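Asks: Mind folding the following:
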Amino acid sequence: MYKVETIANYFIEKGIAVEDPLDQLRLQKLLYYAYGWGLVMSDREKLFDAPIQTWQCGPIIFKLFHMLKRYGMAELDEPIYRFENSSFNWLLINFTPRRLNPRKERDKRIMGFLDSIWQAYSGMEPSKLAKTLVDKGTPWDKLRKKYGRVPNGTLIDDQMLIDYFLPLKEKQQHQQ
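Replies: Here you go, the predicted structure:
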């Protein structure tokens, strides 16, 4: 399992490199898809260490939201190097997250997987991308129906994600 910052930085740096920088909304959505697809493509192995939660605009990684809130909806023009602790907003902790290394076999496989997520979802219009995450039958939608509203901060557990992404995987396999 990787730190969420490591996976986020891969997408941020890819966006910068291909001159299609991400904003926080697109990054959050790509991470959601990477985590969900990762669970069903790797026999339930978690891709990163941060939970996915519900929010009004769809699923988010709240820890990442706090790290990037200074950007608002602006483009992310640099990797994550600073963490603002949500419990102590006055405390800044500097760190450099580990980068994926193409010379390491596991990292190389993950990079290939993340590239496939980028290829499948990064080109989608942001509004369409966001809509696909709250459509009928998604984990977000199921929690909304369960509680009668969008329960901000509710954990979207791995089993809900597996139940959603596994039929998509099976459908994809049958089409090949």
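Asks: CA atoms for contacts and neighbours, from now on please.
Replies: Will do.
Asks: Mind telling me what element the residue most central in space within the chain is part of?
Replies: Nearest to the geometric centre of the chain sits L31, at 1.4 Å (C-alpha atoms, centre = their mean). Counting by DSSP states H and E, the element that carries L31 is helix 24-41.
Asks: can I have that helix written out in CSV, keeping just the CAs?
Replies: Output of helix 24-41 as CSV, limited to C-alpha atoms (Å, rounded to 0.1, in the frame of the first residue of the first chain):
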residue,chain,number,x,y,z
GLN,A,24,-8.3,19.3,-6.9
LEU,A,25,-11.7,18.0,-8.2
ARG,A,26,-10.2,16.1,-11.1
LEU,A,27,-7.4,14.7,-8.9
GLN,A,28,-9.9,13.5,-6.3
LYS,A,29,-11.9,11.7,-9.0
LEU,A,30,-8.9,10.1,-10.6
LEU,A,31,-7.8,8.8,-7.1
TYR,A,32,-11.3,7.4,-6.5
TYR,A,33,-11.2,5.5,-9.7
ALA,A,34,-7.7,4.3,-9.1
TYR,A,35,-8.5,3.1,-5.7
GLY,A,36,-11.8,1.4,-6.7
TRP,A,37,-10.3,-0.3,-9.8
GLY,A,38,-7.2,-1.2,-7.8
LEU,A,39,-9.3,-3.1,-5.3
VAL,A,40,-10.8,-5.4,-8.0
MET,A,41,-7.8,-5.7,-10.2
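Asks: what does it contact?
Replies: 7-8, 11-12, 44-48, 52, 59-61, 65, 68, 71-76, 114, 117-118, 121-122, 126, 129-130, 133, 158, 161-162, 165-166, 169 (C-alpha atoms under 8 Å, 6 or more residues apart in numbering).
Asks: Now do the buried residues in that helix.
Replies: 24-40 (16 or more other C-alpha atoms under 10 Å).
Asks: for that helix, the distance to its chain's centre please.
Replies: 4 Å (C-alpha atoms, centre = their mean, to the nearest Å).
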